[in-house]
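Model the following, please.
(chains A and B)
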Amino acid sequence: MPETTTGPEAAPEQFEPRIVAFFCNWCTYLAADLAGTTRLKYAPNIRVVRVMCSGRIDPQFVLDAFAMGADGVLIGGCHPGDCHYESGNYKTLRRFHLLHRTLQELGIEAERFRLEWISASEAEPLRLAVNDMVEKVRALGPLQLKVPDEQSAEETEEVAVP
Amino acid sequence: MSAPEHSAENGVRIGVYVCHCGTNIAGMVDVRAVTERALALPGVVVSRDYRYMCSDPGQELIKQDIKDHGLNRIVVASCSPHLHEKTFRGAVAAGGLNPFQFQMVNIREHASWVHTDRAAATRKATDLLRAAVRRVRYHKPLETRRVPVREEVLVVGGGIAGIHAALTLADAGKHVYLVEREPTIGGHMAMFDKTFPTLDCAACILTPKMTAVKAHKNITLWSYSEVTEVGGYVGNFKVKVKRKPRYVIEDACIGCLECIEACIYKTGRWDDEFNLGMSKRKPIYIPFPQAIPQIVTIDAEACIDFKSGKCKKTCIEVCADRNAIDLKQKERVEEIEVGTILLATGFKVFDAKRLPYYGYGVYPNVYTALEVERLLNASGPTAGEVVLRDGKTPRTVGIIHCIGSRDEHTNKHCSRVCCMYSLKLAHLLKERTGAEVYNFYIDMRTPGKAFEEFYNRVAEEGTHFIRGKVADVYPAPENDGRLVLQAEDTLLGKVRRLPVDMVVLAVGMEAQADAEAVRRMFNITCATGGWFTERHPKLAPVSTFTDGIWIAGACQGPKDIPDTVAQAGAAAGEALSLINAGHIELEPNTAYIVEDDCCGCKTCVAMCPYSAISFVEANGKAEVNEVLCKGCGTCVSVCPSGSARQNLYEDDEIYEEIGGVLAYA
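Numbering: from 1, shown residues only, chains lettered A, B, ... in the order given. Modelled structure (predicted):
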């Protein structure tokens, strides 16, 4: 596991993880806006994709993000009970647990996929969550998805959905 | 700069505009580099940077380029879409395109303002812009939805904010339901004696407005009632209001108060809430003489008939011909439909017992400021005579500022009103008792019209000011009933110990204890401490993130009466604006079903929180009711066949965005 260093002596070649963040329009996206207006500083590694509700996040979005080179995926939604659409975040939570387990079985470490409830006024928790995730994923290094051997590639071919 | 014509792809011609926002963006993001990189992206015909894209000339650029370059997609990289998405959609529409052939990129709040490394911020801005360019190619023209807005308004909270808002709306001819949980409207203002800095009598200026509420033909006043459920959406909220039993038939009671006289308890025995427990009331009571509505309330926990069933029921006897007392009254639930909602739920006073070193609740002569308001008031427990709990008139008074405000251990915020009301109390106490009054303050904060002048006046009257926070309150060693205030005088640089007869704690303002539950019910947000969050601190100070719901007064943060009334008027004005428009334009982000692909599995039907999706037996397919759909997209993410889709958030668009942020060199 590579050492993470901070300060001016930090190695210039430090691995910078790419993290795709899916934030809901009403809570976590606004928390990120608030972090901006209050000029909080956090790691520049996340790329936010806005959705109206975290319930819109299709598990396939997460799988695609990893497949296309993301080192981590962060989902941000409203606190339980606070969903702008009543219960979208509960549906996200259910999907998250199932997907989290599946991803780990695929060899994607638990720290690479994270769900955070961050309300519109919680700029500081947003900053902390992003920084923490970036540090953890940086410690893991780049995502190395196992390249399937030929046989399993054929099997995949056979069961592939048209 | 312009790209060669051949860059247009499948007829898609994208214009990209990167905003400097002065130095807000350009100071941390290399705007030129981002603009140049965008030009290399497929479909981009024009890519420009400009100092202020939201300005008229900035918007004009977009319009002109649409004409000159035949653009059919626009991407603007600037601030948050929550700020200027509407602005740019308007420019795109004015340029002749459908306003939804547009995508906004947030490189200010999400990049330049939150990062310190210019190269990294520029990379991030480039990635986000690339994602938007790839996404916008899939945008299709959409039409906004129009939802009609009902004329009825719900105002929650009957303090001065709720009263002012209700009257403003009612005078404009709109029907208002004013819901107040206490037996009377009036709120905290009704408890004050005078108001700063004019020394207007609070009741004299408030009670005419309270009476007007009761008399107004357009206001339905439900006191002793609480909102329990809020459903629906802007234009058509469905609200349930619990009407707590006051055991008095409101329409029959004429407010003669003979029943209170007739109660078998000859004197009050229970703490009078309105006088903060400094006087006693009977089980049947009215909070104060000018209460609105002028209707008595029976406290079931105090009334002997509720406890033993063996009361002589003298109240019922005396009310014989009117028959207004109904001891079997049950809680009722009213269901109403309103188009808009105003929340004016107010604040709670800081509980001084949380700071035990000030001796509140231990030493009888330590009072909160609100208790002193009642002591000064002619309808208060002492009929306006300022006497201590032992009956003596205070000769020296110490007022301690910032109790529960500007304090690491309780509330960090300044409650804004305490310096001014402390000055007012100093003036009134001196005027009524001739006492020497000492103000212990951290900083005197008197920003407001005629506030500083009032401070000077009170100082000239001989009130003393000691700059320092009181650290301890303890009985005087002489054991003469006086209390010693110990504080470091930070101007003299020495510790002072001052014996006084009366201590007044200038308690601060806090959010209501149930603010969290209330905001959940109305689906709005709270900041730290429970204050309701406005949509924008400067430009939308009374709006919330939920369309059709506004906030006014101290529920949004500590404020004085003039600011509260100003907000109430503003909120009423905003509601009127929407009501008079008759409809609201909603985002066209609804879900729809591609009928040919739908397999009829009904997964989406169960997922929809609004029951907007139904299963049509005739063709075995699901169908979205566009009026009910609010555009969360939950159904889309569960549809196994991909037939459930969402406008503005199509799968293709989101996949392009994901690919876009990750496609880097």
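
For residue B:413, see how far away residue B:557 is.
8 Å (CB to CB, to the nearest Å). Heads up, the C-betas are built off the backbone N, CA and C, glycines and all.

between the two, which one's more packed in?
Set side by side, residue B:557 and residue B:413 show more neighbours around residue B:557, with 23 against 19, by other CB atoms under 10 Å in any protein chain shown.

The more buried one touches residue B:530, doesn't it?
No - the pair residue B:557 / residue B:530 is not scored as a contact, 10.3 Å apart, by CB atoms under 8 Å.

Which stretches in chain A count as helices?
A:28-37, A:59-67, A:88-105, A:123-140, A:150-159 (DSSP state H).

pLDDT score for whichever residue of chain B sits closest to chain A?
With CB to the nearest CB, the shortest gap between chain B and chain A falls at residue B:109, namely 2.8 Å. On pLDDT, residue B:109 comes in at 97.

pretty sure it is in a strand, no?
No - Residue B:109: not assigned to a strand; according to DSSP: H, G, I helix; E, B strand; the rest coil it is helix.

what's the nearest residue to it if we skip its chain neighbours?
For residue B:109, ignoring the flanking residues on the chain, the nearest one in space by CB to CB, 6 or more residues apart in numbering or on different chains is residue A:36 at 2.8 Å.

need the contact list for the one you found.
Residue A:36 makes contact with B:80, B:108, B:109, B:110, B:113, B:114, according to CB atoms under 8 Å, 6 or more residues apart in numbering or on different chains.

6 Å instead?
For residue A:36, the contact set (CB atoms under 6 Å, 6 or more residues apart in numbering or on different chains) comprises B:109, B:113, B:114.

Go ahead and confirm the first one touches residue A:33.
Yes - the criterion here is CB atoms under 6 Å, and residue B:109 meets it with residue A:33 at 4.5 Å.

quick one: low-confidence ranges for the chain?
Picking chain A for this. A:1-12, A:146-162 (pLDDT under 70).

other chain: chain B
Chain B contains residues with pLDDT under 70 at B:1-9, B:665.

Now do the longest helix seen in it: distance to the chain's middle.
Criterion DSSP H: the longest helix present in chain B is helix B:561-581. Here helix B:561-581 is found 13 Å from its chain centre; the criterion is CA atoms, centre = their mean, to the nearest Å.

Please list the residues of chain B that sit near chain A.
B:80, B:109-110, B:113-116, B:120-121, B:124, B:127, B:525, B:527, B:533, B:609, B:631-634, B:637, B:657-659, B:661-662 (CB under 6 Å from any CB of the partner chain).

out of those, which are inside strands?
Using DSSP state E, no member of the residues of chain B next to chain A falls in strands.

Now do the following helix or strand past the longest helix of chain B: everything it contacts.
Sequence-wise, the next helix or strand downstream of helix B:561-581 (DSSP states H and E) is strand B:583-586. Defining contact as CB under 6 Å, 6+ apart, one finds that strand B:583-586 is touched by B:144, B:145, B:146, B:147, B:148, B:149, B:234, B:235.

is it true that residue A:27 touches residue A:121?
No - judged on CB under 6 Å, residue A:27 makes no contact with residue A:121 at a distance of 9.1 Å.

could you measure the residue lying closest to residue B:121 once chain neighbours are set aside against residue B:584, distance?
In space, and not counting its chain neighbours, residue B:121 is closest to residue B:115: 4.1 Å by CB to CB, 6+ apart. Note on residue B:115: its distance to residue B:584, by CB to CB, is 37 Å.

Ok, residue B:470 next?
Residue B:470 sits at a distance of 53 Å from residue B:584 (criterion: CB to CB).

same thing with residue B:478?
Residue B:478 is 69 Å from residue B:584, by CB to CB.

circling back: export the contacts of strand B:583-586 to a markdown table and tack on neighbour count and secondary structure?
Output for those, formatted as a markdown table (neighbours: other CB atoms under 10 Å in any protein chain shown; DSSP: H, G, I helix; E, B strand; the rest coil):
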| residue | neighbour count | secondary structure |
| --- | --- | --- |
| B:144 | 13 | coil |
| B:145 | 17 | strand |
| B:146 | 13 | strand |
| B:147 | 17 | strand |
| B:148 | 10 | strand |
| B:149 | 22 | coil |
| B:234 | 19 | coil |
| B:235 | 22 | coil |
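
quick one on the thing from earlier: just say which of the helices of chain A is most tucked in.
Most buried of those by mean neighbour count (mean count of other CB atoms under 10 Å in any protein chain shown) is helix A:28-37; its value is a mean of 25.

Report all helices and strands that the longest helix of chain B contacts.
Here helix B:561-581 touches helix B:160-171, going by 3 or more CB pairs under 6 Å, 6 or more residues apart in numbering or on different chains; DSSP states H and E.

buried residues in the helix it packs on?
Residues B:160, B:161, B:162, B:163, B:164, B:165, B:166, B:167, B:168, B:169, B:170 are the ones in helix B:160-171 that count as buried (16 or more other CB atoms under 10 Å in any protein chain shown).

Touching both of residue B:109 and residue A:33, which residues are there?
Joint contacts of residue B:109 and residue A:33 (CB under 6 Å, 6+ apart) are residue B:80.

Run through the residues that contact residue 73.
Picking chain A for this. By CB under 6 Å, 6+ apart, the contact set of residue A:73 is A:20, A:62, A:65, A:113.

switch to chain B, that's the one I care about
B:12, B:14, B:101, B:136.

Now rank the residues you listed by neighbours and give me the top one.
If you count neighbours using other CB under 10 Å, the busiest of those is residue B:14, which has 29 neighbours.

quick one: what helix or strand has residue B:83 in it?
helix B:81-94.

Any buried residues in that helix, and which?
Applying 16+ other CB under 10 Å to helix B:81-94 flags B:81, B:82, B:83, B:84, B:85, B:87, B:88, B:89, B:91, B:92 as buried.

list the helices and strands it packs on?
Using 3+ CB pairs under 6 Å, 6+ apart, the elements in contact with helix B:81-94 are helix B:56-69, strand B:102-106.

Can you say which of those is packed in most?
strand B:102-106 (a mean of 26).

what about residue A:65, distance to residue A:16?
16 Å.

ditto for residue B:288
The gap separating residue B:288 from residue A:16 is 66 Å, by CB to CB.

Neighbour count: these two, which is higher?
Using other CB under 10 Å, the more surrounded residue of residue B:288 and residue A:16 is residue B:288, with 19 against 16.

so that one touches residue B:274, yeah?
Yes - the pair residue B:288 and residue B:274 passes the contact test of CB under 6 Å, sitting 5.2 Å apart.
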